[in-house]
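[1] Sequence first, then the predicted structure, then my questions.
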Amino acid sequence: MTRTKIFSTIAMIAIAGCVADPVDDVQPGPATEPGIEVTATDVETEPLNQLAHIRRQEQENRRAELANVNDAVASTAANRAAEPHFSVQKHALRRRSEADISYAVQESARMVAPAPYPGDHVGGSNQHVQDRDRYLKLNENRILQVADEPVSTFSIDVDTAAYSNVRRMLNREGRLPPEDAVKVEEFINYFDYAYHPPARDQQPFSVHTEIAPSPWNANTHLLKVGLKGYQPDMGERPAANLVFLVDVSGSMRSPHKLGLVKQSLRLLVNQMNSGDRVAIAVYAGSAGLVLDSTPGDQKAKILSAIDALEAGGSTNGGAGIKLAYSIAAQHLVEGGINRVLIASDGDMNVGTVNHEALVDLVERNRERGIALTTLGFGAGNYNYALMEEMADSGNGNAAYIDSLKEAHKVLVKEMGSTLQTIAKDVKIQIEFNPELVSEYRLIGYENRVLNREDFRNDKVDAGEIGVGHTVTALYELALVGSGGEQVEPLRYGGRENEGSYSKRNNNELGELRLRYKSREEAVSKELREVFYRNDVIEELAQSSTDFRFAAAVAGFGQLLRGSKHTGDWDFNDLLQLARGARGDDRHGYRGEMLALVELSRDLSGPILAAHDS
C-alpha cells in the first residue's frame with residue numbers, strides 16, 4: 001500500500017470515528033428566507049419513527065464507502081462529501097496536501113467533537129474553559145429626576161432563565177458570571193411571592209404595592225409592584241396542542257444537554273391527558289418529524305420517541321421551527337393551548353441564522369394563536385440572547401434547565417403558568433408626583449423599557465402572564481428632602497411641572513397604571529391604582545417577608561453585576577437580610593439562593609483582595 005493510500009485510510013477512519021450518527025432526516029432543509037409562509041409542504045414531514053433502521057442503513061453505507069479508501073485522497077474526499085454530516089470536513093480535505101493528512105485528521109476531530117461541559121473537567125479546573133455563551137449587552141437603568149421625567153413605562157417579564165443559568169455557573173463551574181448574564185428582573189421573578197390572586201377571572205391578575213426603606217441606602221426607599229395571575233383549578237385547563245422541537249445537532253451531544261432534554265420532556269408528557277396532543281420534531285443539518293401529533297394518553301408511544309433521540313450534525317434551527325409551526329397549525333385547538341417548545345442550546349449555525357428572519361417567523365405564528373416557549377440547556381455555546389428574543393416575540397417565556405429539579409419546577413409545578421397565557425401585552429406605567437418624589441430608578445428590566453407613548457399603543461408588543469404567575473418589579477426612590485438624591489439640581493431650576501394636580505394631592509406618591517389584553521382580544525384594557533405617602537413603611541424590618549426577600553434578590557443580582565448603586569453594601573449584608581426573609585420556603589428555593597450568595601461571596605474573595613492590593 002502506498003504512503004498516500006495509508007494516510008488516506010487513516011484519515012477517513014479517524015473522521016468516521018469522530019462523527020456521530022445523524023438522527024435527523026437526510027433530506028436537505030427547506031428554504032428559510034424571510035417572508036415565506038409556514039405550510040406543511042415547506043419541509044419534509046414524513047415521520048422518522050424507524051430511527052434505528054435509518055442508523056443501521058447509514059452505517060452500512062459508511063462501511064461500503066470505507067472499502068474504497070485505498071483510492072486517491074481527492075477521490076475519497078469527494079465520495080465522503082456526498083454525506084451531509086461530512087460537509088464540515090470536505091472543503092478542508094480538498095485543500096490539504098498528502099503531507100497534511102495527519103493534521104486534517106486532528107482538525108476533523110476537533111471540529112466535530114462536542115465541547116466538554118465545564119463542570120466535567122478533571123480536578124474541577126475551569127481555567128481553560130472557552131466560554132462562547134452569548135448574552136444581550138445591558139446597561140443599568142439610570143437615576144431619573146421626576147421633575148424632568150415623571151413617567152416610567154416598561155413591559156413585564158416572566159422569564160427566569162438568567163437565574164438558573166447563573167446558578168449553573170456558580171455550582172458546576174465554580175465561577176462568577178459575566179455581567180450581562182445577570183438580569184435582575186429574572187432573578188426576582190424566579191421566586192414566588194404570596195400575593196393574593198384575583199377572586200374572579202374577569203380580571204386576570206391582582207395588583208399589590210409596598211414601600212419601605214432600601215437595604216443598601218439608608219436615604220432611599222424601594223417601591224415593590226407585584227402582580228398575581230388568576231389561578232383556576234387544574235381540572236379547568238383547556239386542551240393542549242404541543243410540539244416539542246428538539247435540537248439534536250452535534251453541539252447537544254452531552255448528558256447536560258440532550259440527555260437532560262429527554263428527562264425533562266418525559267416529566268411534561270406524564271402530565272398530559274387524552275384531550276392533549278403531543279408531536280416531536282427534531283432539527284440538526286435538516287429537520288424531521290419523529291412523532292406526528294399523538295393523543296396525550298398514549299404515553300408509551302410518546303416516551304419511546306423521546307428515548308430514541310440522539311445527537312449529531314450541524315444546526316438548522318430555521319428549518320426546525322418552520323416544521324414545528326406547520327405541525328402545530330395542522331392540529332390547532334380553538335380556544336386551547338397551542339404552543340411550540342424549543343429545547344436547545346440556541347446554537348444555530350446553518351439555515352436561517354438571521355435573527356430578524358427567525359423573529360418574523362415567530363411573530364407571524366403568534367398572530368395565528370401559536371405561542372413559543374424556549375428551554376435552554378448546556379454551556380459553552382448557549383445563545384441566551386436569541387432564545388429570549390424568540391420567546392418574547394412568540395408570546396412565551398424563556399427558561400434555562402440546569403437540572404432535573406429545575407425541569408420539574410418549570411414543566412410540572414409551574415406547568416399552568418408555563419403553558420397557559422391569561423393576559424398578553426402587559427405594560428406597567430408609573431407617574432411619580434414631583435412634590436414628594438425627587439428621583440427614581442427602575443431596577444432591572446433594561447431591555448423592557450418602553451417609550452411613554454407606547455403604553456396605549458396596542459401594536460407595541462409586551463410580556464405575557466400565565467396562570468398563577470407572579471410578576472414583581474422594584475423601583476428605588478429618593479423622596480423629596482430625604483437626602484437620597486444623586487443627581488445635582490440645576491442651578492436655574494428645572495422644568496415646571498406639566499400639571500397642577502400634584503399640588504392639590506400632596507399625599508400621593510404616584511399613580512400605577514397597567515394595560516393588558518385578554519387572551520383572545522386585540523384591544524387593551526387599563527387598570528389604575530394610586531399609592532400614598534401614608535403607605536410608606538418607616539423601618540425595613542417592619543416590611544413583609546416577601547418585600548425583604550425580593551429586595552435581597554435584587555441586591556444579589558446587582559452585586560453580581562458590579563452595580564454602582566449598592567455602595568458599601570456587600571454579600572455579608574445580603575446574607576443577613578435574606579436569612580431573615582426566608583419565610584415559608586416549601587420547595588427550598590430561597591434556601592438554595594442563600595447557598596449561592598455564600599458561594600458568590602467566597603468566589604469574590606480573591607478578586608476583592610486583588611483590588612485592595
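    Yes, it's here.

[2] so where's the protein shaky on pLDDT?
    Low-confidence segments of the chain (pLDDT under 70): 1-131, 201, 234, 285-286, 313-317, 347-354, 493-505, 606-613.

[3] make it 80
    For the chain, residues meeting the criterion pLDDT under 80 lie at 1-132, 200-202, 233-236, 285-287, 312-319, 346-356, 380-381, 488-505, 605-613.

[4] According to the record, where do the domains of it fall?
    Following automatic domain parsing, the chain resolves into domains at 3-30+56-112, 144-231+422-484+501-600, 234-416.

[5] Take these and lay them out in CSV including mean neighbour count and distance to Leu138.
    The C-beta positions use only the backbone N, C-alpha and C, and glycine is treated the same way. Shown next, in CSV, are the domains of the chain (neighbours: other CB atoms under 10 Å; distance: least, CB to CB, whole Å):
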stretch, mean neighbour count, distance to Leu138
domain 3-30+56-112, 17, 33
domain 144-231+422-484+501-600, 19, 5
domain 234-416, 22, 10
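
[6] where's Asn457 relative to Ser155, distance?
    As defined by CB to CB, to the nearest Å, Asn457 lies at a distance of 12 Å from Ser155.

[7] can you map out the helices along the stretch 351-500 of the chain?
    Using DSSP state H, counting those that start in this stretch, the helices found in the stretch 351-500 of the chain span residues 355-367, 384-393, 404-408, 415-419.

[8] Could you give the bridge partners of Phe154?
    Phe154 forms beta bridges with Ile428, Val449, as assigned by DSSP bridges.

[9] Quick one: list the elements packing against the helix or strand containing Arg601.
    Following DSSP states H and E, one finds Arg601 within helix 589-612. Under the contact definition 3 or more CB pairs under 8 Å, 6 or more residues apart in numbering; DSSP states H and E, helix 589-612 sits against helix 161-171, helix 545-561, helix 571-579.

[10] Tyr589 is in contact with Phe191, isn't it?
    Yes: between Tyr589 and Phe191 there is a contact at 6.1 Å, judged by CB atoms under 8 Å.

[11] Does Asn141 belong to a helix, a strand or coil?
    coil (DSSP: H, G, I helix; E, B strand; the rest coil).

[12] now the helices and strands packed on helix 589-612 in JSON lines, with distance to Ile211?
    Below are the helices and strands packed on helix 589-612 laid out as JSON lines (distance: least, CB to CB, whole Å):
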{"stretch": "helix 161-171", "distance to Ile211": "25"}
{"stretch": "helix 545-561", "distance to Ile211": "9"}
{"stretch": "helix 571-579", "distance to Ile211": "17"}
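
[13] Looking at those, which is nearest to Asn365?
    For the helices and strands packed on helix 589-612, the distance to Asn365 is smallest for helix 161-171, at 21.2 Å, taking CB to CB.

[14] CA atoms only: put the helix or strand following that closest one into CSV for me.
    Note on helix 161-171: by DSSP H and E, the next helix or strand toward the C-terminus is helix 184-188. Output of helix 184-188 as CSV, limited to C-alpha atoms (Å, rounded to 0.1, in the frame of the first residue of the first chain):
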residue,chain,number,x,y,z
VAL,A,184,-32.0,41.3,37.9
GLU,A,185,-35.7,41.1,37.0
GLU,A,186,-35.3,37.4,36.1
PHE,A,187,-33.6,36.8,39.4
ILE,A,188,-36.6,38.4,41.2
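
[15] Quick check: which helices or strands does the helix or strand just after helix 184-188 pack against?
    Sequence order places strand 205-213 as the next helix or strand after helix 184-188, per DSSP H and E. With contacts taken as 3+ CB pairs under 8 Å, 6+ apart, strand 205-213 sits against strand 221-229, strand 421-432, strand 508-518, strand 525-532.

[16] Kindly reformat the ones you listed as a markdown table containing distance to Tyr400.
    A markdown table is the format used below for these (distance: least, CB to CB, whole Å):
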| stretch | distance to Tyr400 |
| --- | --- |
| strand 221-229 | 21 |
| strand 421-432 | 20 |
| strand 508-518 | 26 |
| strand 525-532 | 31 |
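
[17] Which one of those strands lies nearest to Leu267?
    For the helices and strands packed on strand 205-213, proximity to Leu267 was assessed by CB to CB; strand 421-432 is nearest, at 21.0 Å.

[18] quick one: the closest one to strand 221-229, angle?
    Interaxial angle of strand 421-432 relative to strand 221-229 (axes from the mean of the first three to the mean of the last three CA atoms, to 10 degrees): 160 degrees.

[19] Output strand 421-432 as PDB, nothing but the C-alphas.
    Extracted as PDB, the C-alpha positions of strand 421-432 are listed here (Å, rounded to 0.1, in the frame of the first residue of the first chain):
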ATOM      1  CA  THR A 421     -51.500  32.600  28.900                       C
ATOM      2  CA  ILE A 422     -54.200  34.600  30.600                       C
ATOM      3  CA  ALA A 423     -53.100  38.100  29.700                       C
ATOM      4  CA  LYS A 424     -50.900  39.400  27.000                       C
ATOM      5  CA  ASP A 425     -49.100  42.600  26.200                       C
ATOM      6  CA  VAL A 426     -49.000  43.600  29.800                       C
ATOM      7  CA  LYS A 427     -47.400  47.000  30.300                       C
ATOM      8  CA  ILE A 428     -46.700  49.000  33.500                       C
ATOM      9  CA  GLN A 429     -46.600  52.800  33.700                       C
ATOM     10  CA  ILE A 430     -46.000  54.800  36.800                       C
ATOM     11  CA  GLU A 431     -46.300  58.600  37.100                       C
ATOM     12  CA  PHE A 432     -44.500  60.000  40.100                       C
END
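
[20] Show me what it is packed up against.
    Other elements packing on strand 421-432 under the criterion 3+ CB pairs under 8 Å, 6+ apart are strand 151-155, strand 205-213, strand 221-229, strand 463-466, strand 470-479, strand 508-518.

[21] Tell me who's in contact with Tyr193.
    Residues in contact with Tyr193 (CB atoms under 8 Å, 6 or more residues apart in numbering) are Gly226, Lys228, Thr470, Thr472, Asp546, Phe549, Ala550.

[22] Phi and psi next, for it.
    With angles defined as degrees, to the nearest 10, Tyr193 sits at phi -130, psi 150.

[23] of all the domains of the chain, which lies closest to Asp133?
    Smallest distance to Asp133 across those (CB to CB): 4.4 Å, for domain 234-416.

[24] Following the chain onward from the strand or helix carrying Ser304, which element is next?
    Assigned by DSSP H and E, Ser304 belongs to helix 299-307. For helix 299-307, the following helix or strand on the C-terminal side (DSSP H and E) is helix 317-330.

[25] Show me what that next one packs onto, helices and strands only.
    strand 240-247, strand 277-283, strand 287-295, strand 337-344, helix 355-367.

[26] quick one: the most centrally placed residue in the chain from Gly466, how far?
    For the chain, Ala398 is the residue whose C-alpha lies nearest the centre (CA atoms, centre = their mean; 3.1 Å). Look at Ala398 and Gly466: by CB to CB, they are 13 Å apart.

[27] and what of Asp402?
    21 Å.
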